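> dropping a prediction and its sequence here:
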Amino acid sequence: MSEGASGWESVIGLEIHVQLQTATKMFCGCELEFGADPNVHTCPVCLGHPGTLPVPNRKAVDYAIQVALALGCRVAPRSIFHRKNYFYPDLPKGYQISQYDIPLGSGGSLADVRIHRVHLEEDAAKLSHVGDTGRIHGSGASLVDFNRGGTPLVEIVTEPDIRSGAEAREWLQLLRTTLRQLGVSDVNMEEGSLRCDANISVRRPGTEPLGTKTELKNMNSFRFIERGIAAEVKRQVGLLEGGGEVMQETLHFDPATGSLTSLRSKEYAHDYRYFPEPDLVPLAPSQAQIEEARERLPELPGARRDRYASELGLAPDDAAQLAFDAELGAFFERAAELAVDADNRAVAGWVTGELVRVSREAGLEHPAATSAGPEAVAGLADLVATKMINRKTGREVLGRLVVEGGDPAAIVEAEGLGAVSADDGMLEAAVERAIAGDPGAAEKVRAGEMKAIGALVGAVMRETQGRADGGEVNRLIREQLGV
Amino acid sequence: MSAAIDLSVLEAAAAVRDGAVEADEYAAAWRAEAAGDELGAYLWRSDGADGARADSGGELAGVPVAVKDIFCVEGMPTTAGSRILDGYLPPYTATAVERLHDAGAGVLGKTNMDEFAMGSSNENSGFAPVLNPWDPERVPGGSSGGSAAAVAGGLAPCAIGTDTGGSIRQPAALCGIVGLKPTYGAISRYGMIAFASSLDQCGPLTRTVADAALLLEVMQGADPRDSTSTGIPGGVGLPGAERLDGLRLGVPRELAGEAEGIEPGVREVFERTLATCEELGAEVAETALPHAEYGISAYYVLAPAEASANLARYDGVRFGLREDSSDLTEMYEHTRAAGFGAEVKRRIMLGTYALSSGYYDAYYGQAQRVRTLIAEDFRSAFDEFDLLLTPTSPTVAFKLGSRASDPLAMYMSDYCTVPMSLAGLPAISIPAGMARPADGGPELPVGLQIAGPAYSESRLLDAAHALESAIGFDGAPGRDRTTVG
């Protein structure tokens, strides 16, 4: 579904940079550590001293191959590094070692978004500008921290297969889960280990040619990506509907004001003069190396979703939600294993529905990290499945488990929350009292006006403080009124 | 002791190991020679603290080596002949120099050179030109002009340099010494300040072929810090051949007989040397390198292209010269305008242009294709021949200033050496005789270039050794060294 005015289709492609979680940098032996004092992890190589040479990090190459494979890409038998030339203080050599015409991976897909390419490169250093412009031009001074310079990066470029900001956010979350599952990166947007730019254009639905695109830079949260894209689509549609034209430019989204500012300036107008990096030999992973990397791939979200649906019988939405959130998925699998009476669907329902809602309401970081462990959720699902408690009581108990932890059966026992069941006659007695207390409603039900049954059910529920099973109450009322 | 400096490096190191020569005295004698440098060969000289280590028992025990200022040595001023690195002290040492140290050698001094190795006369040094020890009005060649002049002028027992398109071989020829450019990858480039990475190669400049072999064997070998380094499989032994029996020697007509601009005196010495080869038992025949004549054109696209990127790091941000400005772009511009000389600027502009969007394929792409064709030419020639012979330089040493205003004439100095560089092949220049320059004056040394297939250094050195013995070149430019020390 596209945002903006109807009658337009937005076409979005993403460029994602992922910092690899290797012990050392891409082309030298310096340690990688986030948050260290400035310039403590540097050496002549990553400072670009005269005479130094890059040597590729084997682990980074291995990780990049895994990323390419996980995204269904073809791994090039021989890919080469290029130099991307531009002057900037965060780029010590005056060029970035990247890949250009032959990337490490190409032609893959994740969910229904095609992957154009996956390549390896090195990160730039970190600049801080003194003054309030936040940019190098006009600042009083700029400081460079070379700790980050030379961090291995994988760049992932999608085809323009995304149709809205919300879709972009969802897909990016799937990508993050996939990368996290691979164990190749922290994939933390705030710390910059996952960074995303979007190429955006709009066109009339059903038309082939792409409109003029703009590039939206460095949105550092999932929410900003969704909002930034939505704002840019709206801006483009507004321009076109007003008879204007979209100009090809680079834009910066300000989440505080929701405004988009153009970054067109000298510092972004580059001819990068790419040419093959003569200091490095081609990357030529052997077929055995690629196969070995493929075998080491963990179960990825897509495959996990399919397994949840086909083998565990989950509803498609639950299957996807659990598969795309690795921690929640693991939590569910453990709970489903421990549950005796509740089936997989029921356990999944408790996890994706109540657990997520209750933990969010309680302001907890992640549903899988509350005080309620998989055992407790499994126990709770069993209590409901065996009608020891009703769903409403189950929700209450879960609310307490999330905050306090504990054993659901013990809580039910201690608080007397057990369902008022038909077996012990208490429920029948309550139904009798409800009918006696509202003869008018009882008469209407007898006359076939079934809407009136609600008043009787409500009375029973009030008396049992909600602990009765609604279906059972209904059945008993009908039985006693002979309908 | 005064006689010790007349020993070859091979002999001197053996004498130090045997105790026949006192290492400290030997090094001090060379420091005294170096201190008398009137050629501008050195940019920096050791005061002894960086002297050689006799106790190592290594192949170069006690030998002080003159090191081209393009090699980083920790704590030792290193400029690559450029003002932009004036005062720069590297925080680490080049692999080639480390290997010399490991073999017991010390650093006698850092030798003058064309700025960032861009030049064929040493006139492009950011500091001062170097004078040819045979005639102080003439250039020593370049870019390793300081290293060549130091060895030829008796200011060092041996030296190391770098060769990108002829920067070891051409100055060796013009100064009447031995200069070897090994196969690309034989010696690590780590710590060698880059000019054109796909061409740059370290090598020795020595008085004898055996000394060149000795230094090569010490320095060669794969280095984990240089991904393009390979070493020489099987290593290099000391050359001992006195004959060339059974060797098939090819003379590529494009770089010899048919080449324009080869001085008559050079041609004559070259022809005479071919006759010597036959006398030593070799078969000599003409061959062809059909694309070699395009070598200079391809080289002057590829080398500047790589240089334009390699020299981008001299930006005033982290080390070397900085011309301050409140604006970043201005700081870059002023720093680079003040720090680089005219030839370096010319090549950065050439290279930047050649890589620009829209021109890349016509220049860089085309030059790469020519490079491939030249490498194939060599492969075909080496199907029929063991080694190829050419003059090293079309001329003997030329006068200071005579080509300075004509870059194209200067570029042609490397006409015979560039093709081997483009193909990554080993080639050595040995003194073949003396010839009168075309512009008159006393006779000057002429170099013979011998080139071989990749990693054929042992064969190359053996042939050079046999010719060296047969030619009997008198390596001293008429300087009386017995009064020193």
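Nice, thanks for sending it over.

> dump the residue contacts of A:Ser262.
By CB atoms under 8 Å, 6 or more residues apart in numbering or on different chains, the contact set of A:Ser262 is A:249-252. All C-beta spots, glycine's among them, are computed from the backbone N, C-alpha and C.

> can you check B:Pro477 too?
Contacts for B:Pro477 (CB under 8 Å, 6+ apart) come out as B:133-134, B:152-153, B:175-176.

> again, but for B:Ala432
By CB under 8 Å, 6+ apart, the neighbours of B:Ala432 are B:269-270, B:272-273, B:446-448, B:467, B:471, B:473.

> please apply the same query to A:Arg223.
Contact partners of A:Arg223, counting by CB under 8 Å, 6+ apart, are A:169, A:255.

> SS state for it?
Per DSSP: H, G, I helix; E, B strand; the rest coil, the local secondary structure of A:Arg223 is helix.

> does the residue lying closest to B:Pro204 once chain neighbours are set aside count as helix, strand or coil?
In this structure, B:Pro204 finds its nearest non-sequential neighbour in B:Leu215, 3.7 Å apart by CB to CB, 6 or more residues apart in numbering or on different chains. Secondary structure assignment for B:Leu215 (three-state DSSP): helix.

> same question, A:Ser359
helix.

> ok, the residue of chain B found nearest chain A - how many residues close by?
Across chain B, the shortest distance to chain A (CB to the nearest CB) belongs to B:Ala312, at 2.3 Å. The criterion is other CB atoms under 10 Å in any protein chain shown. On that basis, B:Ala312 has 22 neighbouring residues.

> confirm it sits in a helix?
Yes. Counting by three-state DSSP, B:Ala312 falls inside a helix.

> residues from the stretch 51-200 of chain A in reach of chain B?
Within the stretch 51-200 of chain A, the positions adjacent to chain B are A:51-56, A:83, A:85, A:87, A:89, A:92-95, A:136-137, A:142, A:144 by CB under 8 Å from any CB of the partner chain.

> switch the cut-off to 7 Å
A:51, A:53, A:55, A:83, A:85, A:87, A:89, A:92-95, A:136 (CB under 7 Å from any CB of the partner chain).

> out of the residues you listed, who's nearest B:Gly161?
A:Gly51 (14.6 Å; CB to CB).

> before we move on, what's the pLDDT of the closest one?
If you check A:Gly51, the pLDDT there is 98.

> can you check the one 10 residues further on too?
As summarised for this prediction, A:Val61 has a pLDDT of 97.

> and for A:Arg264?
62.

> nearest residue to B:Asp439 other than its sequence neighbours?
In space, and not counting its chain neighbours, B:Asp439 is closest to B:Lys399: 6.8 Å by CB to CB, 6+ apart.

> what is the neighbour count of that neighbour?
When neighbours are defined as other CB under 10 Å, B:Lys399 has 16 of them.

> report the contact partners of it.
B:137-138, B:439 (CB atoms under 7 Å, 6 or more residues apart in numbering or on different chains).

> beta-bridge partners for the closest residue to A:Pro209 other than its chain neighbours, please?
Leaving aside its sequence neighbours, A:Pro209 sits nearest to A:Arg203 (CB to CB, 6+ apart; 7.0 Å). A:Arg203 has these beta-bridge partners by DSSP bridges: A:Glu9.

> check the gap between A:Arg203 and chain B for me.
28 Å (CB to the nearest CB, to the nearest Å).

> quick check: that residue touching A:Leu210?
Yes. In this structure, A:Arg203 is within contact of A:Leu210 by CB atoms under 7 Å, at 6.4 Å.

> intersect the contacts of B:Ala432 with the contacts of chain A.
Okay, of the contacts of B:Ala432, nothing touches chain A (CB under 7 Å from any CB).

> out of the residues you listed, which is most surrounded?
Once you tally neighbours by other CB under 10 Å, B:Gly447 ends up highest among those, having 32 neighbours.

> tell me which element that residue is part of?
strand B:444-451 (DSSP states H and E).

> ok, the residue of the stretch 101-250 of chain A found nearest chain B - contacts?
In the stretch 101-250 of chain A, no residue comes nearer to chain B than A:Ile136, which is 5.7 Å away by CB to the nearest CB. A:Ile136 is in contact with A:127, A:129, A:142, B:328, counting by CB under 7 Å, 6+ apart.

> what's the neighbour count on the third one?
Meaning A:Ser142. 17.

> name the element it belongs to?
strand A:141-145.

> please enumerate the strands of the stretch 1-150 of chain B.
Counting by DSSP state E, counting those that start in this stretch, residue ranges of the strands within the stretch 1-150 of chain B are B:42-45, B:64-68, B:106-111.

> how about the stretch 151-300 of chain B?
B:158-163, B:178-181, B:201-206, B:248-252, B:283-287.

> can you tell me which of the ones you listed is most buried?
Ranked by mean neighbour count under mean count of other CB atoms under 10 Å in any protein chain shown, the strands of the stretch 151-300 of chain B are led by strand B:178-181, which reaches a mean of 33.

> show me what it is packed against.
Under the contact definition 3 or more CB pairs under 7 Å, 6 or more residues apart in numbering or on different chains; DSSP states H and E, strand B:178-181 sits against helix B:169-175, strand B:201-206, helix B:209-219, strand B:427-435.

> 8 Å - rerun?
strand B:158-163, helix B:169-175, strand B:201-206, helix B:209-219, strand B:427-435, helix B:457-471 (3 or more CB pairs under 8 Å, 6 or more residues apart in numbering or on different chains; DSSP states H and E).

> state the mean pLDDT of that strand.
Strand B:178-181 comes out at a mean pLDDT of 98.
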